[in-house]
Structure formats: C-alpha cells, structure tokens
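Enquirer: Attaching a predicted model along with its sequence, questions to come.
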Amino acid sequence: MSPQIVVFTNVLLALPILFLAIAAFGNSVLLLPALLILALDLWVWLRMRPIMFVVDPNGIDVAWPLKRRRIDRADIAGVRLIDVATLRRELGFCMRVGVGGLYGAFGWLWSRRRGIVHMYV
C-alpha cells in the first residue's frame, strides 16, 4: 500500500476502537456507530478485499476469504502498466463503486468511456 493508504487505513481501523472506548466511559450514543463500522470492516475483510492473485498460463484466479473468481486468459484483452494521467485520458470521468481507502481500492470503476471496469489496487 502507498503511505497515504496505510495512514488512512490505520485511522479507519482505530475509529471503532475509539468509539467503543468512549461508549464504555458513559457516552453510549457511539456504541451503534462503532458496531456498524465493525460490521462494515468485517464485510470488507471477508467479501471485498482480495487476499490472493494466482496467475497461471490459463488465466488469473482472484481469491477472497469467502469467494473466488476465475478470469480466463481468453477473456483478458491486454495488460499494461499506466500512470494516473494516462488513466484519466483513456477513461475520462470516473466514479469508484466499491471500497477505496480501507485496505486498498477494489470493486467497480465506472467510466464514461468504458462503463463498468473491475479494479483491484
């Protein structure tokens, strides 16, 4: 992860702990938000955050703790490394639909020029 994502992830992971500590010392209004954040973190950890990518001659396997996805080589049009400026130039306006910041960025990326793109960063 980049340094910015590491800092952002650590802040977000500390937030429910802080809320629970405040709730334990008398401000119970933060208990529900703390539990909601913990539930969302668990959902991200188990269903959204890939734990492994396996590349073989026939394709790529993407593995999450509770699911797997196989991308066959025939379905892969190409692979290349691009910078942010090139990405913006090729995709135009984009909107992330998924998780960004906590553990990385993954899910869908909607762009005006390409529609829905699956991303794992």
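Expert: Perfect, I can see it now. Residues are numbered from 1 along each chain as shown.
Enquirer: Apart from its neighbours in sequence, what residue is nearest A34?
Expert: Counting by C-beta to C-beta, 6 or more residues apart in numbering, the nearest residue to A34 once its immediate chain neighbours are dropped is F19, at 3.6 Å. For glycine as for every other residue, the C-beta is placed from the backbone atoms N, C-alpha and C.
Enquirer: Give the next helix or strand downstream of the helix or strand hosting that neighbour.
Expert: Secondary structure from DSSP states H and E places F19 in helix 3-24. Sequence order places helix 31-43 as the next helix or strand after helix 3-24, per DSSP H and E.
Enquirer: buried ones in that next one?
Expert: Using 16 or more other C-beta atoms under 10 Å as the test for burial, helix 31-43 gives A34, I37, D41.
Enquirer: same check, this time on stretch 82-92
Expert: For stretch 82-92, by 16+ other C-beta under 10 Å, it's L91.
Enquirer: ok, residues contacting that stretch?
Expert: C94, L109, S111, R112, R113, R114, V117 (C-beta atoms under 8 Å, 6 or more residues apart in numbering).
Enquirer: Repeat the analysis, applying 10 Å as the threshold.
Expert: In this structure, residues lying in contact with stretch 82-92 by C-beta atoms under 10 Å, 6 or more residues apart in numbering are R80, C94, L109, W110, S111, R112, R113, R114, G115, V117.
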